[in-house]
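In: 3D, please:
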Amino acid sequence: MTKKIVVLRKVESQRSCSGVRYGECMKNHAVNIGGYTVDGCREFIAARGQEGSTAQLSCAACGCHRNFHRYLGTRS
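Out: Residues are numbered from 1 along each chain as shown. Down below sits the predicted model:
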């Protein structure tokens, strides 16, 4: 039996608004059936697109709009 090594690292993403951070995704995916389920996305990562375009408002990790992610404030 062989062992597998998993390496986790945090990738800094490019954001359209420098210094603004968004945290975990709060979108309820089970609202249609009356439940509460989130997808587990831990941080907003801007999708690829031109600076200031609407493509950068969606998360590359989960596909949700930026408004579903918790606003953490500005970096100091």
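
In: residues contacting Asp39?
Out: Shown in contact with Asp39 (CB atoms under 8 Å, 6 or more residues apart in numbering): 25, 27, 29, 62, 64. For the C-beta atoms, the positions are set from N, CA and C on the backbone; glycine is no exception.

In: The fourth one contacts Cys25, correct?
Out: Right, the one you point to is Cys62. Yes. With contacts counted by CB atoms under 8 Å, Cys62 reaches Cys25, the gap being 5.3 Å.

In: what residues do those two have in common as contacts?
Out: 39, 41.

In: follow-up on the earlier one: sort out which of the contacts of Asp39 are in strands and list them.
Out: Cys25 (DSSP state E).

In: Can you tell me which of the contacts of Asp39 has the most neighbours?
Out: Cys25 (23 neighbours; other CB atoms under 10 Å).

In: Okay, and the beta partners of that residue?
Out: As for beta bridges, Cys25 partners with His69 under DSSP bridges.

In: And the pLDDT at the residue nearest to the spatial centre of the chain?
Out: Centrality entry for the chain: nearest residue to the mean C-alpha point is Phe44, 2.4 Å, by CA atoms, centre = their mean. Turning to Phe44, the model gives it a pLDDT of 89.

In: How much space separates it from Thr2?
Out: In this view, Phe44 and Thr2 are 36 Å apart by CB to CB, to the nearest Å.

In: burial measure for Ile33, as a count.
Out: By other CB under 10 Å, neighbour count at Ile33 equals 7.
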